[in-house]
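> I need the structure of the sequence given here:
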Amino acid sequence: MPLDAICLTAVKNELIGQIRGMKIDKVQQPERDVILLSLRGQGKAYKLLVSAGAGDARIHLTEFKFDNPKTPPMFCMLLRKHISGARINEITQPPVERVLTLILETSDAMGIISIKSLIIEMIGRLSNIILLDDEGIIIDCTRRIGGELNNKRSVLPGLLYRPPPAQEDKLDPLVISDDEFYNLLKEANNTTVDKWLISKFKALSPLISREITWRAFAEPDYRLDAIKDDGAALREAFYTLIKQVRRNDYEPWMIKTNDNETFDFSYTYIQQYMNIYKTKRAESFSGMLDEHFTRSSQVRRMSQRCAETLKTMNNARNRLVRKLAVQKLELNEASEQDYYRECGDIIIANIHLLKKGLKNFTAEDFYSEDNKLREIELDPLKTPQQNAAKYYKAYNKAKNAQRFLIEQIQKGSTELVYLESAIEQIKRVDDENDLKGIRDEMSLTGYLRTQTQKKGEKTESSPHQFLSSNGMRIFVGRNNIQNDKLTLKTASRFDTWLHVQKKHGAHVIISGQGVSPDDETLCEAASIAAYYSSARTDTKVPIDYTLVKNIKKPTGGRPGMVIYNDFKTIIASPDEELVNRLRVLF
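Numbers count the residues shown, from 1 in each chain. Below is the predicted model:
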């Protein structure tokens, strides 16, 4: 859902207590509509995300990493010039409007103090980030709006800033009296209660309107004409929520699917979904918005960037599967090699009875247990000796083909395991560096064209790093090449190695520096190994673990492929919350 005005108020109240008085240390613009402000002060550091996207306009603190363009956009350079080093004095919001203003105190090169305003308008397709000087003149904005695009106002550099026009046809739900509400209800047309609430009041989102309806009538789609009394139940549900808002009594609640994906959120507990979806209270409004918007958008963006590579690898895998099927069919045919040899032997045994010109003959089959007769086809243009030689030749050909096919099928099956592991890794990439590492690996193994490396471009990312509850370091490979390096070169012989059993997954190393991991650390590492595997959606996953010294690289093995012995197995559950809690951020 879009961030409604009341939920924005809750976010503003939370941010005031966190970032007021902090200084803007760095300004970045990773995307066209996204500004990232690095804040420092009071012994703390935060990253404030400001978005003016049409469907995801918002403001909150974030813990996610972003890839920045090599050349900063012009608006980013302008913000760096005007607000780098500025102090956040205040955060303001017009009543029940989706507009937030950061009041910034800054100074120029001469030390002269001035006040600038960074306005974030979160109003659908016209969402904007606007920088004003101390006189309210627009310095610049992310989305320039002229009179031709919007006849109500213009948003252009050099113009006096005017706020978005108010919704004059809607009422403020925070100030309406009970009598006014009752009179509006009496005049209402026949529609559902939630649609009527949306049409009459500002700041009531569809989710909240349905929630009010549910609390009043235990139905989210209750109709106005079904109300039998004077609307007492609806008025009670409405004003119970409004009183909560007036008290600034907000709580961040996320609504999740059974797959643990967040699809909606609110500032109050949502009852209408009952047991269909899970409702979970977040630790903060910033954390809630970060998970709902930032995580989802990064997953969606990485999915789009991975699509081409994934398609190429899927095509290679499918070609190999078809090739293996043909080879196995040929192997079945080649398994009849003994039949050809036996036919040759029977022809030689009866050669005194044969002559050129016969198309077939029947003779006693001395290879069968009961000496049955066998009919053998002959080439009438060949002599008996030549027909025998033909069968012996077919026998030798089938025997050689069988040996060759067995070898090729073994190689192909090993290659198929490798391709499927690469495909699984592509599905799990976290950022652009992960994807680039996999593409480099696919180039080295011949599945993708070799990419020309640009000057200054980062060539290799570091493994995922985690710190167990008891302080032991845990490393996780991001791709097969990194798995090899981590296990066979970086790790100590007496470190503990973990991997999902008989499935595709990352190599996980507990770096003990000669000290064996405690049970809690082992369980946490096993959960991480289960999370970074193709069994991520399972509940109970067997994880093998052993010392690194027991890991060997098979001769000619593809990247990431190892063999191991003297291992034990532990059952673990993939736990995303644990993974995020133990992760070490760079």
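
> helix/strand/coil for the residue nearest to Leu381 when sequence neighbours are not counted?
Take Leu381 and drop its neighbours on the chain: the residue closest to it by Cβ to Cβ, 6 or more residues apart in numbering is Lys356, 7.8 Å away. Every residue, glycine included, has its C-beta placed from N, CA and C. The three-state assignment at Lys356 reads coil, by DSSP: H, G, I helix; E, B strand; the rest coil.

> In contact with Lys356, which residues?
Under the criterion of Cβ atoms under 8 Å, 6 or more residues apart in numbering, the neighbours of Lys356 are 380-384.

> Just the buried ones from the residues you listed, in ChimeraX syntax?
Buried members of these, defined by 16 or more other Cβ atoms under 10 Å, are picked up in ChimeraX with:
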select :384
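
> All the helices of the stretch 101-250 of the chain, in order from the start?
178-186, 193-200, 206-217, 232-246 (DSSP state H, counting those that start in this stretch).

> Give me the contacts around the longest one.
I take that to be helix 232-246. By Cβ under 8 Å, 6+ apart, helix 232-246 touches 6, 9, 173-174, 178, 181-182, 185, 193, 197, 208, 211-213, 215-217, 227, 250, 267-268.

> Output the lowest mean pLDDT helix or strand found in the protein.
Within the chain, confidence by mean pLDDT, DSSP states H and E is lowest for helix 432-444 among all helices and strands, at a mean of 78.

> how much space between Leu547 and Asp495?
7 Å (Cβ to Cβ, to the nearest Å).

> what about the residue nearest to Leu381, distance to Asp345?
Distance, Lys356 to Asp345, using Cβ to Cβ: 20 Å.

> which stretches of the stretch 151-300 of the chain aren't confidently modelled?
Along the stretch 151-300 of the chain, segments meeting pLDDT under 70 span 151, 298-300.

> Which pLDDT value goes with Asp56?
Asp56 carries a pLDDT score of 87 in this model.

> same thing with Glu135?
93.

> okay, now it: neighbour count?
Using other Cβ atoms under 10 Å, Glu135 is surrounded by 9 other residues.

> How many residues are close by the spatially closest residue to Arg215 that is not a sequence neighbour?
Spatial nearest neighbour of Arg215, chain neighbours left out: Ala237 (4.0 Å); criterion: Cβ to Cβ, 6+ apart. As a burial measure, Ala237 scores 19 neighbours (other Cβ under 10 Å).

> I'd like to know how far Ala237 sits from Arg210.
As judged by Cβ to Cβ, Ala237 and Arg210 stand 11 Å apart.

> And Tyr564, by the same measure?
With distances taken as Cβ to Cβ, Tyr564 is found 55 Å from Arg210.

> neighbour-wise, which of these two wins?
The residue with more neighbours, out of Tyr564 and Arg210, is Arg210; 24 against 17, by other Cβ under 10 Å.

> Could you list the low-pLDDT ranges of the protein?
1, 147-151, 298-301, 430-432, 450-460, 585-586.

> What residue spans form the domains of it?
As given by automatic domain parsing, the domain ranges for the chain are 5-141, 336-398, 464-582.

> Which one of those domains lies nearest to Arg295?
domain 5-141 (7.0 Å; Cβ to Cβ).

> tell me the contacts of Leu578?
So Leu578 contacts 524, 527-528 (Cβ under 8 Å, 6+ apart).

> Name the member of these with the most neighbours.
Top of the contacts of Leu578 by neighbour count (other Cβ under 10 Å): Ile528, with 28 neighbours.

> Isn't that one up against Asn580?
No. Ile528 is beyond contact range of Asn580, at 10.8 Å (criterion: Cβ atoms under 8 Å).

> which of Leu547 and Asp495 has more neighbours?
Per other Cβ under 10 Å, whichever of Leu547 and Asp495 has more neighbours is Asp495, with 23 against 18.

> Run a quick neighbour tally on the closest residue to the more buried one other than its chain neighbours.
Spatially, and ignoring its direct neighbours in sequence, Asp495 is nearest to Val548 (4.9 Å; Cβ to Cβ, 6+ apart). Residue crowding around Val548 was assessed by other Cβ under 10 Å; the count is 21.

> ok, now which ones touch Val548?
Per Cβ under 8 Å, 6+ apart, neighbours of Val548: 487, 491-497, 509.

> which two from those end up farthest apart in space?
The largest separation in the contacts of Val548, counting by Cβ to Cβ, is between Thr487 and Phe494 at 13.2 Å.

> and the helix or strand harbouring Tyr392, what does it pack onto?
Per DSSP states H and E, Tyr392 falls inside helix 384-427. Secondary-structure packing of helix 384-427 (3 or more Cβ pairs under 8 Å, 6 or more residues apart in numbering; DSSP states H and E): helix 296-334, helix 337-349, helix 432-444, helix 480-485.

> tell me the most buried of the ones you listed?
When you average the neighbours per residue for each of the helices and strands packed on helix 384-427 (mean count of other Cβ atoms under 10 Å), helix 480-485 leads with a mean of 22.

> List the pairing partners of the following helix or strand past it within its sheet, with orientation.
Note on helix 480-485: by DSSP H and E, the next helix or strand toward the C-terminus is strand 496-500. If you go by DSSP bridges, strand 496-500 pairs up with strand 508-511 (antiparallel), strand 541-547 (antiparallel).

> ok, the helix or strand that comes right after the longest one: who's next to it in the sheet?
In this case it means strand 541-547. The element immediately downstream of strand 541-547 (helix or strand, assigned by DSSP H and E) is strand 551-552. In the sheet, strand 551-552 lines up against strand 563-564 (antiparallel) (DSSP bridges).

> quick one on the thing from earlier: next, the angle from the helix holding Tyr392 to helix 432-444.
If you take axes from the mean of the first three to the mean of the last three Cα atoms, to 10 degrees, helix 384-427 sits at 170 degrees to helix 432-444.

> ok now helix 384-427, how far from the chain's centre?
Helix 384-427 sits 39 Å away from the centroid of its parent chain (Cα atoms, centre = their mean, to the nearest Å).

> just stretch 70-88 next, same as before
Computed by Cα atoms, centre = their mean, the chain-centroid distance of stretch 70-88 equals 30 Å.

> Now the terminal residues of it, how far apart.
One end of stretch 70-88 sits 28 Å from the other (Cα to Cα, to the nearest Å).

> that older thread, quick check on the contacts of Val548: which are buried?
487, 491, 495-497, 509.

> Out of those residues, which comes closest to Glu121?
For those, with Glu121 as the reference and Cβ to Cβ as the criterion, the closest is Ile509, at 48.4 Å.

> Wait, Pro252 touches Tyr269, no?
No. Using Cβ under 8 Å as the test, Pro252 is too far from Tyr269 to be in contact (10.4 Å).

> more crowded one of those two?
For Pro252 versus Tyr269, the count of surrounding residues by other Cβ under 10 Å is larger for Pro252: 22 against 10.

> check contacts around the more buried one.
Residues counted as contacts of Pro252 (Cβ under 8 Å, 6+ apart) are 10, 265, 267, 281-285, 287-288.

> let's go with 6 Å and repeat that
With contact taken as Cβ atoms under 6 Å, 6 or more residues apart in numbering, Pro252 is in contact with 282, 285, 288.

> and the residues you listed as JSON lines, adding neighbour count and distance to Thr537?
Below are the contacts of Pro252 laid out as JSON lines (neighbours: other Cβ atoms under 10 Å; distance: Cβ to Cβ, whole Å):
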{"residue": "Ala282", "neighbour count": "18", "distance to Thr537": "23"}
{"residue": "Phe285", "neighbour count": "24", "distance to Thr537": "29"}
{"residue": "Met288", "neighbour count": "25", "distance to Thr537": "23"}
